[in-house]
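**Student:** mind looking at a prediction? Sequence and model below.
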Amino acid sequence: MTEPAETISFEEFQKVKLRVGRVVEAVEHPDADRLIVLQVDLGDERRQIVAGLKQYYKPEDLLGRNLVIVANLAPRRMRGLESQGMLLAASTDDHGQVVCLTTMSDIPAGSAVS
């Protein structure tokens, strides 16, 4: 069982910008066992996101999917590539199952998540 997380104020939560991103390209990272490199359409721009999903998804399974993205996270280098956001996923405590958060219906890329 996980411990309760520290609470944050509503104002702090409002700083997180969640948007729908449509995966337009996905490939395995050439130098990492667990990473997939995604090109994601956010409506008004395209971003590269590097995610540790390789043991749970094949790159081709992610193509065309709408994923929930943290759009205002500072870029981070992962195994030599810049990741320009983070996708959200749910996982079991032991990480035996990881599921990307997606939309129930089609909605335009870049739509706000609230």
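**Tutor:** Nice, thanks for sending it over.

**Student:** so how many other residues sit close to residue 42?
**Tutor:** Other residues lying near residue 42 total 18 when counted by other C-beta atoms under 10 Å. Quick note: C-beta positions are derived from backbone N, CA and C, even for glycine.

**Student:** measure it to residue 4 for me?
**Tutor:** Going from residue 42 to residue 4 by C-beta to C-beta, to the nearest Å gives 32 Å.

**Student:** where along the protein do the strands fall?
**Tutor:** For the chain, applying DSSP state E gives strands covering 18-28, 36-41, 46-51, 66-70, 76-78, 81-83, 86-87, 89-91, 98-100, 112-113.

**Student:** so which of the ones you listed is nearest residue 106?
**Tutor:** Relative to residue 106, the nearest member of the strands of the chain by C-beta to C-beta is strand 66-70, separated by 7.0 Å.

**Student:** show me what the closest one is packed up against.
**Tutor:** Contacts defined by 3 or more C-beta pairs under 8 Å, 6 or more residues apart in numbering; DSSP states H and E place strand 66-70 against strand 18-28, strand 86-87.

**Student:** show me the one of the ones you listed that comes nearest residue 112.
**Tutor:** Nearest to residue 112, of the helices and strands packed on strand 66-70 and by C-beta to C-beta, is strand 18-28 at 5.9 Å.

**Student:** list of residues touching stretch 39-50?
**Tutor:** Contacting residues not belonging to stretch 39-50 are listed as 19-26, 29, 35-38, 67, 69, 71, 78-79, 81-87, 108-111 [C-beta atoms under 8 Å, 6 or more residues apart in numbering].
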